[in-house]
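K.L.:
kindly generate the corresponding structure for this input.
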Amino acid sequence: MTAYGDFIGQVINYNLRDSYSRQFFEDIENRCFYQIWSKIGSYNASKGEFKAWLGTVVKYQTIDYKRGLRASLRDMEIDDSFIATHETPASHDEIDLEPIFKLLTPTERQVFDLYFNEDLYPEEISKKLQMSTNAVYTNLSRGRKKIKEADVRWQF
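P.N.:
Numbers count the residues shown, from 1 in each chain. This is a model prediction of the structure:
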């Protein structure tokens with residue numbers, strides 16, 4: 001599992017965009033390792049690569065944790081302006097997704113935006129866009145393939 005430790009950290013960091021959330025990195029990482037350990041039996045090599053399965057588990061654990069944080073803050077009735085002032089300001093480290101999105105069809109763009117930016121599950125995307133869940137997975141797969149074939153380099 002240590003061979004994937006850096007990858008797990010990268011997925012967590014990518015999904016924790018503000019400094020407030022990033023202070024929970026270690027807790028999220030521990031939860032991810034536990035989930036991976038407890039759900040490794042559900043991995044099916046015929047459905048995809050291990051790294052893709054791993055990234056999905058980590059992504060959704062991170063998203064679930066963030067949702068829990070939001071619910072906790074709502075319950076504590078903390079003023080949103082306090083949290084907003086403690087977010088990391090936009091910097092040159094943010095990735096410009098426009099050149100990447102130009103490679104995709106309008107439908108693929110919608111699916112990618114809902115999946116990666118709004119953190120929706122494929123089932124939620126299918127309901128929102130009125131398409132089958134398989135169509136969501138197909139659009140994600142085709143979009144990833146286009147991006148990979150274009151060999152897009154991230155500009156930092």
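
K.L.:
dump the residue contacts of residue 133.
P.N.:
By C-beta atoms under 8 Å, 6 or more residues apart in numbering, the residues touching residue 133 are 122, 123, 126. C-beta here means a position set from N, CA and C on the backbone, and glycine is covered the same way.

K.L.:
state which helix of the protein is the longest.
P.N.:
helix 50-76 (DSSP state H).

K.L.:
just the buried residues of stretch 140-152, please?
P.N.:
Buried positions in stretch 140-152, judged by neighbour count with 16 or more other C-beta atoms under 10 Å: 140, 143, 147.

K.L.:
ok, now stretch 31-39?
P.N.:
Across stretch 31-39, burial judged by 16+ other C-beta under 10 Å covers 31, 32, 33, 36.

K.L.:
ok, the third one to residue 52 distance?
P.N.:
Spelled out, it's residue 33. 18 Å (C-beta to C-beta, to the nearest Å).

K.L.:
pLDDT wise, what is the residue nearest to the spatial centre of the chain at?
P.N.:
Closest to where the C-alpha atoms of the chain average out (C-alpha atoms, centre = their mean) is residue 59, at 4.6 Å. The model reports residue 59 with a pLDDT of 90.

K.L.:
and if you look at residue 33?
P.N.:
88.

K.L.:
residue 105 too?
P.N.:
On the pLDDT scale, residue 105 is placed at 92.

K.L.:
give me the low-pLDDT residue ranges for the chain?
P.N.:
For the chain, the stretches with pLDDT under 70 are 1-2, 71-97, 151-156.

K.L.:
which residues of it fall in strands?
P.N.:
Using DSSP state E, the chain contains no strands.

K.L.:
what's the domain layout of it?
P.N.:
Domain ranges of the chain: 1-89, 92-156, per automatic domain parsing.

K.L.:
hmm, back to that, in the longest helix of the chain, what's buried?
P.N.:
Applying 16+ other C-beta under 10 Å to helix 50-76 flags 53, 54, 55, 57, 58, 59, 61, 62, 65, 66 as buried.

K.L.:
of those, which is the nearest to residue 136?
P.N.:
Nearest to residue 136 among the buried residues of helix 50-76 is residue 59, at 15.2 Å by C-beta to C-beta.

K.L.:
so how far is residue 113 from the closest one?
P.N.:
With C-beta to C-beta as the criterion, residue 59 and residue 113 are 15 Å apart.
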